[in-house]
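Asker: only geometry, no sequence info:
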């Protein structure tokens, strides 16, 4: 059983009726409803405006994989909670950053770079190409996915070169993007996935959902540490 | 011409006469004196107790590659200066972290992980093996370097997998270590190099010095940005 | 269900009574007997002296992961069968090369390098360190594995830098080795694992067996191609 | 001084007057003429129909970096010469494969994969994006290069994930491509660069030429071996 927490900023959906129409249960709801259909996953949600952003110690300590969606309120996420998330990832928790979470505090901190990119919001067409078909995150996906309307995210994307680059996005307006990026960080695993925007129904697309589910399974903890230490050790051999 | 700044915490050498004997001009002095012999390099030094740690805007903005040695006073390095260093690396400056700088603020921030490791200070033998001989940082180095007395740094070293792993260290007491690690971060390049300790004369070893010089040349800026931006852009093609 | 074929040269065990004592059912038998205990695996064996080396089209086309052990008779493996194995890996089959299989024809062909290394056969101690604990191949393994007697394999190992380096070996005689190396090749996945020798009972060590089983599961095909093509395609967009 | 040999199949230019108009001195001539302007480079050319394809032992042993262009006659390249090129790269020579050389014998052998891709020859627009601006191969290049008419090469490109991915191509017809790929192989370095076709004047584009020159400098040998060995060695430490 993998314990998943789907975290969402959950502001657009509350303050913009058009977005609420697209995601009546919130982006977190759309993703969680899908993941809950998988018997191997135990799914809960958490949002910014809950106490401790819904991420109490009890929740974090019982989360194997944390999915993160944020956009307009990155700066409102409390630093002490970012600190706990960061430590929990280094101890082994998986972390999946979706779309505009490229500028979220936990993701930026894990990357160590600015995570800046080019962007444009005219709802153009994206085509998401699989470049590493043997990766489990690409399981069940064809050669590419067509996304009819998408916000453009373009290179250069200021991230560390991914340990594995699984998807590259093509945008009609002329840009490319490293859209599916896998990282090992500490004892944890991190996946950045570009598709998804509050005003397009991308998180109902079966291929996109399948990729998120695949990423959850890939990112499950392999070995969970209780703390990060820098120990002074005795020699194992006679010196 | 590559403009190098060698930064040193410079505390051990001032407070411990045995260490002062090993490095009478400080660790920064030993490294700078060697680098100055190269006509392509313009070398200066800076230390913690200088104003602004010797890293004023004027100095940083005229530094192509920053070499960093720190150990007991990582926490005394001012956060606003760390912020400037971090930004300057992402804009293109090279950064070379030596030995105990694995826990320095700028390095930890660039890595995004805890950078913890195992350690032991009994002066045992290290053998540094070249695993990527085609990398320019290994130029002029044989199959391995023998270091008679070294502080042991052992795995697991909690770093992102390096873009290129150039050296692996063998320690007599039974450990191994990823001792020479190259990273691209932002528009800058980062090299972590494990050998070197305040109480051993490692920064006089010709092979070690050669590697540091090679690293400086490898880490020179290729394209320097003036700022990090996340621009909204017009389409390049008709959509 | 993952269909595994354990291939062994199976010469040492037939011609040397001491080795036969260590592996009375052959190295393939020792590994297969262990893997068979896992309900998710369907295991068969094949050896060099069988017809078509036991690797008929029917066998290969029904193999998801091929484990390979060879040493003294690499050159006797028929090129047409190597060709088929190579193609099958690029189409999606997993391939696990054990120990002296570093010079086997299928592995060398997949790597594109000489795969040479240093070696010494005095039965010294090896300590295998986990450097990427979040990789599924390291699941269930502690910080390191002690192997009392092992043939030394030392750097420089002439392989492409692995996509993921999971284990580094320490040898008492003074060498290090990239002992656990993961690769994506074509639609398939490849794992090289250094431990194991015909005269030492390494393939009974529970940790070594666990790693082999983990590798089988990691290397299962994600998307199997029927052939490798280089197609001329129509534009997907109006040009 | 870096000794460069520019190798060209040189068939299209001889047999097709339209192509001869584009490259009156051959593709090799166009590239060599540019490189010769650099004082650090000593440049010669060689072509398929010369004796030994112009690649005698004397030529190969005095080549630091070999540039390769081939298309319709890959199969005519003699296997014994491919063998020598392959060995020379593993010993330290740089190898730059241009455009349709993705299916050339030396490149395919170095990669170990099928190197297949999708293609279309309608002369559509390509935009080549820099994704690793700190790499020396990108020196002097802006954010992207516009190529007005190009043969489309599209994913999935069956190559090993590059050690460094420097460029990603965008094609108007809807595809993306990993267009600039760096590899360490043996003691040598390999760069694959997609732009370039016999019927378009791409090898006169200043940015494309600059990248090829940058690649030559990056690929210069760091440590040249005289042979590839697998030595039995004595312990360096008491066992």
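Answerer: Yep, it's here. Note that the structure is predicted; figures quoted are calculated from it, not measured. Numbers count the residues shown, from 1 in each chain, chains lettered A, B, ... in the order given.
Asker: shaky segments in chain A?
Answerer: Counting by pLDDT under 70, chain A contains no low-confidence segment.
Asker: now the strands: where do they sit in it?
Answerer: A:2-8, A:41-47, A:65-69, A:94-98, A:118-130, A:144-154, A:164-171, A:176-185, A:188-193 (DSSP state E).
Asker: Show me which residues of chain A are close to chain C?
Answerer: By CB under 8 Å from any CB of the partner chain, the residues of chain A that approach chain C are A:92, A:125, A:127, A:132-136, A:138-139, A:163-164, A:172, A:184, A:186-189, A:221-223, A:236-237. Every residue, glycine included, has its C-beta placed from N, CA and C.
Asker: Make a PyMOL selection of the buried ones in these.
Answerer: Burial among the residues of chain A next to chain C is assessed by 16 or more other CB atoms under 10 Å in any protein chain shown; the matching PyMOL selection reads:
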select buried, chain A and resi 92+125+127+132+133+134+135+136+138+139+163+164+172+184+186+187+188+189+221+222+223+236
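Asker: Which ones, among the residues of chain A next to chain C, also lie beside chain D?
Answerer: Contacts with chain D within the residues of chain A next to chain C, as defined by CB under 8 Å from any CB: A:127, A:132, A:133, A:164.
Asker: wait, what's in contact with the third one?
Answerer: With contacts taken as CB atoms under 8 Å, 6 or more residues apart in numbering or on different chains, residue A:133 has the following neighbours: C:187, C:222, C:223, D:156.
Asker: how about those residues, which pair is most distant?
Answerer: Spatially, the most separated pair among the contacts of residue A:133 is C:222 and D:156, at 12.9 Å (CB to CB).
Asker: how long is stretch A:98-109 from one end to the other?
Answerer: 15 Å (CA to CA, to the nearest Å).
Asker: what comes up buried for that stretch?
Answerer: A:98, A:99, A:100, A:101, A:102, A:103, A:104, A:105, A:106, A:107, A:108, A:109.
Asker: Give the bridge partners for the residue lying closest to the fourth one once chain neighbours are set aside, please.
Answerer: Spatially, and ignoring its direct neighbours in sequence, residue A:101 is nearest to residue A:68 (4.8 Å; CB to CB, 6 or more residues apart in numbering or on different chains). Here residue A:68 sits in beta bridges with residue A:7, residue A:97, as judged by DSSP bridges.
Asker: What's the local residue count around residue A:68?
Answerer: When neighbours are counted by other CB atoms under 10 Å in any protein chain shown, residue A:68 registers 24.
Asker: Between the ones next to chain D among the residues of chain A next to chain C, which sits nearest chain C?
Answerer: Closest to chain C out of these is residue A:133 (4.8 Å), distances taken as CB to the nearest CB.
Asker: sorry, back to before: please list all residues in contact with the residue nearest to residue A:101.
Answerer: A:7, A:95, A:96, A:97, A:98, A:101, A:104, A:106, A:107.
Asker: Closest to residue B:77 out of those?
Answerer: Checking the contacts of residue A:68 one by one against residue B:77 (CB to CB), the nearest turns out to be residue A:106, at 23.8 Å.
Asker: gap between the closest one and residue A:74?
Answerer: Applying CB to CB, to the nearest Å, the value for residue A:106 to residue A:74 is 10 Å.
Asker: Residue A:58 too?
Answerer: 24 Å.
Asker: quick revisit: how about the ones next to chain D among the residues of chain A next to chain C, which pair is most distant?
Answerer: Taking CB to CB, no two of these sit farther apart than A:127 and A:164, at 20.1 Å.
Asker: Verify the stated contact: residue A:232 with residue B:116.
Answerer: No: the criterion here is CB atoms under 8 Å, and residue A:232 misses it with residue B:116 at 11.8 Å.
Asker: quick one: which of these two has more around it?
Answerer: More crowded of residue A:232 and residue B:116, by other CB under 10 Å: residue B:116, with 20 against 10.
Asker: what residues are up against that one?
Answerer: Counted by CB under 8 Å, 6+ apart, residue B:116 has contacts A:228, A:229, A:230, B:103, B:157, B:158.
Asker: same check, this time on residue A:82
Answerer: Contacts of residue A:82 (CB under 8 Å, 6+ apart): A:105, A:106, A:109.
Asker: Out of those, which comes closest to residue A:34?
Answerer: Nearest member of the contacts of residue A:82 to residue A:34, counting by CB to CB, is residue A:106, at 22.5 Å.
Asker: Find the nearest non-adjacent residue to that closest one, please.
Answerer: Residue A:106 sits nearest to residue A:85 (CB to CB, 6+ apart), 4.6 Å away.
Asker: Repeat that for residue A:89.
Answerer: Per CB to CB, 6+ apart, closest to residue A:89 is residue A:188, 4.0 Å.
Asker: I'd guessed that neighbour sits against residue A:93; true?
Answerer: Yes: in this structure residue A:188 lies within contact range of residue A:93 using CB under 8 Å: 5.3 Å.
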